[in-house]
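> Have a look; sequence and predicted model below, questions after that.
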Amino acid sequence: METLVVIAVIVLAIGIGMRLIHLLNAQHDARIAAHHFSDPLPRPPGLPDDTGRRAHSADAEG
């Protein structure tokens with residue numbers, strides 16, 4: 001009988017923990033969705049428009 005009570009308590013604790021984690025994740029997702037990020041910083045003067053590898057290799061070939 002004691003074993004069944006211990007198992008029931010463990011299952012209940014796992015269920016409560018899962019519910020708590022679910023609520024915290026939902027709260028975190030809502031906080032992320034509500035946050036408005038700023039515009040990206042402007043490119044410093046003197047840099048080309050595309051600073052990727054493709055732009056550098058195209059300049060070197062041509």
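In hand now; what should we look at? Residues are numbered from 1 along each chain as shown.
> And the helices in the protein, which stretches?
In the chain, the helices defined using DSSP state H lie at 2-34, 53-61.
> Same list (those helices) but as JSON lines, adding distance to residue 40, mean pLDDT and mean neighbour count.
All C-beta spots, glycine's among them, are computed from the backbone N, C-alpha and C. Below are the helices of the chain laid out as JSON lines (distance: least, Cβ to Cβ, whole Å; pLDDT from 0 to 100; neighbours: other Cβ atoms under 10 Å):
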{"stretch": "helix 2-34", "distance to residue 40": "18", "mean pLDDT": "95", "mean neighbour count": "9"}
{"stretch": "helix 53-61", "distance to residue 40": "18", "mean pLDDT": "56", "mean neighbour count": "9"}
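> Reformat those helices as TSV; add distance to residue 42.
Below are the helices of the chain laid out as TSV (distance: least, Cβ to Cβ, whole Å):
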stretch	distance to residue 42
helix 2-34	25
helix 53-61	18
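> Residue 41 - how many residues pack around it?
Counted with other Cβ atoms under 10 Å, the neighbours of residue 41 add up to 6.
> for the record, mean pLDDT for stretch 43-52?
Mean per-residue pLDDT for stretch 43-52: 71.
> Look up how far residue 47 lies from residue 25.
40 Å (Cβ to Cβ, to the nearest Å).
> nearest to residue 43, of the helices of the chain?
helix 53-61 (13.1 Å; Cβ to Cβ).
> Residue 40: neighbour count?
The burial count for residue 40: 6, using other Cβ under 10 Å.
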